[in-house]
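Chemist: what's the 3D shape of this:
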Amino acid sequence: MEAVAEGLWRLADYHEKKGELGKAIKCLEAICQSSVSFFPVVEVKTRLRIATLLLTHSHNVNHAKSHLERSQLLLKSIPSCFELKCRAYSLLSQCYHLVGAIPPQKQILYKGLDLTNSAGHELSVKLWSCNFNSQLANALIIEGDYQNSIAALESGYIFSVEICYPELQVEELVKLGITDGMREVSLQHSAIWMAGVYLMLLMQLLENKVAIELTRSEFVEAQEALVQMKNWFVRFPTILQACESMIEMLRGQYSHYVGCYHEATFHYIEAAKLSESKSIQAMCRVYAAVSYICIGDAESSTQVTPFLITAFIYEMKYTCVYVCLFFFFFSFGLLKEMKYKKEECLKGNKKNYNKKMLLKKENYMKNMPIIFK
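Modeler: Numbers count the residues shown, from 1 in each chain. Below is the predicted model:
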């Protein structure tokens, strides 16, 4: 039956490359629905692949969640398979996050951290620890638990610092044949799946590094991490396709931090175009609206309200009520700020207003990557 599974995996690869995602998923689900049982590891890998396709290319979160929950049950009977278990925890956490189920998301992330804490000190363990701490910080922020969120970020940062040594970054990728100049077209088929796992984790690490360095105003370090992300994407565009929108969003944040607001709006709009997630599209539009406000001219000001309205519609339709309420009050605050700016300018107090707003924006923008990540 291993040969049958391998054949269906290859057929799914073929359909995915042609953009026929429905056919690809049917090939994979044929393994899960077979009357003849496959080995549990084969079924787990297949279900994780299905969930990844659904989360990347559709809004069918519940379908992906059901496959991941089934994978969890299967993995309980398997004593090893560290990578598969971590992958399942991470994807299931994303599902819970998308449906606004924060308590079960935190529970699954704590299980992931318990697993990594007992798994040694290898590179992959540290990478997964960074991943779980990053997602946990986001979940805690939504609940307003900022103290523990910062603690989670600090824990992830400790691991990221340890991994930043060049000899560690390449201990697992070299084993898979990923060396300097290697591109995805040259990878062996058997190495593609695991290469994707490690590359996605490295991109998560670099994403965290950009966010942390920007909050510290370390722009050179943030720029270097962005360049690394872009270089990895150029070399592995298919494997890292899901990261393209995030790269553009981070470029927008970098541009905003260094005061290049026109460039920031361009990158945010591009990020929204590249993402199929309505939530990310809404977030990008909010970012763009903030940059338009910072530009401050009449033409840019006219762009703010349409961006906020379309973003709010997406949030209303595709996310939980708590996110919608938060987004509503945030949007209301931005529009109120614009009204206040206009009134102050009409009163002739533009100079005093600009000083006040500069201080407010400096304090607020420092926390933007954490708040809106």
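Chemist: from Ala288, how far out is Val304?
Modeler: Distance of Val304 to Ala288, computed by CB to CB, to the nearest Å: 9 Å. Using the backbone N, CA and C atoms, a C-beta is placed for each residue, glycine as well.
Chemist: the two: who's more crowded?
Modeler: The residue with more neighbours, out of Val304 and Ala288, is Ala288; 26 against 21, by other CB atoms under 10 Å.
Chemist: which helix or strand contains the more buried one?
Modeler: Per DSSP states H and E: Ala288 is located in helix 278-295.
Chemist: now the helix or strand containing Thr46: buried residues?
Modeler: Using DSSP H and E, Thr46 maps to helix 40-57. By neighbour count on 16 or more other CB atoms under 10 Å, the buried set for helix 40-57 is 40, 42-55, 57.
Chemist: tell me how the protein divides into domains.
Modeler: For the chain, the structural domains run 1-99, 243-373, going by automatic domain parsing.
Chemist: which stretch in these is the model least sure about?
Modeler: Of all the domains of the chain, the minimum mean pLDDT falls on domain 243-373 (a mean of 66).
Chemist: before we move on, back to that, the helix holding Thr46: how far from the chain's middle?
Modeler: 18 Å (CA atoms, centre = their mean, to the nearest Å).
Chemist: list the contacts of it.
Modeler: Contact with helix 40-57 is made by 1-2, 5, 9, 12, 16, 21, 24-25, 28-29, 31-32, 38, 60-61, 63-65, 67-68, 70-71, 74-75, 77-78, 81, 84, 87-88, 91, 94-95, 98, 193, 241-242, 276, as judged by CB atoms under 8 Å, 6 or more residues apart in numbering.
Chemist: need phi/psi at the residue nearest in space to the middle of the chain.
Modeler: Nearest to the geometric centre of the chain sits Met246, at 6.6 Å (CA atoms, centre = their mean). Torsion angles at Met246 (phi, psi; degrees, to the nearest 10) stand at phi -60, psi -40.
Chemist: and Leu68, what helix or strand is that in?
Modeler: helix 61-75.
Chemist: helices and strands around that helix, which ones?
Modeler: The contact analysis (3 or more CB pairs under 8 Å, 6 or more residues apart in numbering; DSSP states H and E) places helix 61-75 against helix 40-57, helix 82-98.
Chemist: can you give me the offset of that helix from its chain's centre?
Modeler: 20 Å.
Chemist: got the angle between it and helix 40-57?
Modeler: 160 degrees (axes from the mean of the first three to the mean of the last three CA atoms, to 10 degrees).
Chemist: dump helix 61-75 to PDB, restricted to CA.
Modeler: What follows is helix 61-75, C-alpha atoms only, in PDB (Å, rounded to 0.1, in the frame of the first residue of the first chain):
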ATOM      1  CA  VAL A  61     -11.100  26.100   8.000                       C
ATOM      2  CA  ASN A  62     -13.500  23.600   9.500                       C
ATOM      3  CA  HIS A  63     -12.600  20.900   6.900                       C
ATOM      4  CA  ALA A  64      -8.900  21.500   7.600                       C
ATOM      5  CA  LYS A  65      -9.600  21.300  11.400                       C
ATOM      6  CA  SER A  66     -11.300  18.000  11.100                       C
ATOM      7  CA  HIS A  67      -8.300  16.500   9.300                       C
ATOM      8  CA  LEU A  68      -5.900  17.900  11.900                       C
ATOM      9  CA  GLU A  69      -8.000  16.600  14.800                       C
ATOM     10  CA  ARG A  70      -8.000  13.100  13.300                       C
ATOM     11  CA  SER A  71      -4.200  13.400  12.900                       C
ATOM     12  CA  GLN A  72      -3.900  14.200  16.600                       C
ATOM     13  CA  LEU A  73      -5.800  11.000  17.500                       C
ATOM     14  CA  LEU A  74      -3.600   8.900  15.200                       C
ATOM     15  CA  LEU A  75      -0.400  10.500  16.500                       C
END
